[in-house]
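> Sequence and predicted structure, then a few things I'm wondering about:
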Amino acid sequence: MMDLALIGFGNIATTLLLLLNDTLDAPLDSLTVMVLPEFAEDTEARLERDFAGLAAARQVVTSVPALLEARPDLLIECAGHAVVKAHLPEVLRSGVDTILVSIGALADDGLHADLRAAAREGDARLILPAGAVGGIDLLSALGAAGGLEVTYRGTKPPKAWSGTPAEEALDLDHLGERAIFFTGNAREAATAYPKNANVAATLALAGAGFEATRVELVADPAAPGNMHEYEVSSPLARYSMRIENLPSAGNAKTSVSTVYSVLREIRNRIGPSAI
Ligand SMILES: NC(=O)C1=CN([C@@H]2O[C@H](COP(=O)(O)OP(=O)(O)OC[C@H]3O[C@@H](n4cnc5c(N)ncnc54)[C@H](OP(=O)(O)O)[C@@H]3O)[C@@H](O)[C@H]2O)C=CC1
Ligand SMILES: O=C([O-])CC(=O)C(=O)O
C-alpha cells in the first residue's frame, strides 16, 4: 500500500500514527521512524506495543542514510525547523516525496531555494500542507492573479507562548487580559516563533509573500483555543477566516487540526480520489 517514513516522534507524529491506525483500510507496507539516538529504544518499544498492526514492517532509524535505505514512498517531517535544514535537502535529492510540517523554516529564502532545487534534482515533490489553518486553496488560487493584501492574527492562551520571546514582553503566568506582543511581517514572525507561527509562513507562501503578509501575535487568557484569523483582499475576491482550534493534549502550541491536515495529505495519496 505505502512505505511511509516520519522524522520526529513527538506530538504530531504519534497522534498521526494513532489516526492512521484507526482509519487505514489496509496496513502500510512499511513504517520507518527517524528519532534522535537517545530515543531509539523507547520508540522501538512504542512501535511494537501500539503500532504493530499499522505496518507489515516497522523500524526505527537515527540517520537519513538508514531512513533512505527503506526506500519510502512518502516522508513526513514533523520534528522542527532545524531538521528541515539539516536533512530535507538530502531526502528530496534522493527522490522521496516529502510533507514538510515545520513550514516556517521556509522563511529562510536560501533554504527554500535549496529544497526546491533538491526536489527538482531528485524528481520529488515538496508538499506544503495547510497545517493548522484553512482556506489555503483559495488564497493560493488568488495569488496567481496578484494584488493580494493579507493580514493575519494568531491568538493563543498564554501557556502556548511559554519558551518564546513573548516571555520578554509579558508575564505569561499572570496575564490578566489579552495582549498583542508582536507586530511585524510573516518572515519575522515565522523566524522568531518557530513552534508557533508556522501558519504565518503558510499564508505568506500561498499568498502575498513573507514581507507583504502582516502579522499580529496575541496572548489571551480568555482565548477559546489556538485561534487563526486572517483577511484577504484581492482584485478577484475578498474573504476573512476565523478558526478556533483545539490545542493538542501533548503540545499546547500545536493545534490538533494540524495532524488531521497531514492525515488528509496521506489519504489523498492512497485513495482513488483526492479532496
Ligand atoms: N504547519 C503548521 O501549521 C504547524 C506546524 N508545526 C510544526 O510541527 C513541528 C512538530 O510539532 P509537534 O509534533 O507538536 O512538536 P513536538 O515537540 O511534540 O515533536 C517534535 C519532535 O521531533 C523531535 N526531534 C527534534 N530534532 C530531531 C531530529 N534531529 N531527529 C528526529 N527527531 C527530532 C523532538 O525531540 P525533542 O523533544 O527531544 O527535541 C520532538 O520529539 C513543530 O516544530 C512546528 O514547527 C506545529 C503546528 C502547526
Ligand atoms: O498549531 C497551531 O495552531 C499553529 C502553530 O502552532 C503554528 O502556526 O506554528
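Yep, that arrived. Ligands and ions are numbered 1, 2, ... in the order given.
> Can you give me every residue that contacts the residue of the stretch 51-200 of the chain found nearest ligand 1?
When distances are taken as C-beta to the nearest ligand atom, the stretch 51-200 of the chain approaches ligand 1 most closely through residue 131, which lies 2.3 Å from it. Glycine gets a C-beta too; all of them are placed from N, C-alpha and C. For residue 131, the residues meeting the contact criterion (C-beta atoms under 8 Å, 6 or more residues apart in numbering) are 101, 103, 198, 199, 202, 258, 261.
> close enough to count as contact, residue 173 and residue 157?
No - in terms of C-beta atoms under 8 Å, residue 173 does not count as a neighbour of residue 157; the distance is 11.8 Å.
> tell me which parts of the stretch 151-275 of the chain are close to ligand 2?
Remark: the part of the stretch 151-275 of the chain in contact with ligand 2 comprises 195, 196, 197, 198, 199, 226, 245, 253, 254, 255, 258, using C-beta under 6 Å from any ligand atom.
> so which of the residues you listed also contact ligand 1?
Residues of these in contact with ligand 1 (C-beta under 6 Å from any ligand atom): 195, 198, 199, 254, 258.
> if we can go back for a sec, which one of residue 173 and residue 157 has more residues nearby?
For residue 173 against residue 157, the residue with the higher neighbour count under other C-beta atoms under 10 Å is residue 157, and the figures read 19 against 9.
> okay, that one: pLDDT?
Per-residue confidence at residue 157 stands at 98 (pLDDT).
> Counting neighbours, what do you get for the nearest residue to it once chain neighbours are set aside?
Distances taken as C-beta to C-beta, 6 or more residues apart in numbering put residue 223 closest to residue 157, at 4.9 Å, once the chain neighbours are dropped. For residue 223, the number of neighbouring residues by other C-beta under 10 Å comes to 17.
> For residue 223, grab phi and psi.
Note on residue 223: backbone dihedrals following degrees, to the nearest 10 are phi -60, psi 130.
> and if you look at residue 262?
Per degrees, to the nearest 10, the backbone of residue 262 is at phi -70, psi -40.
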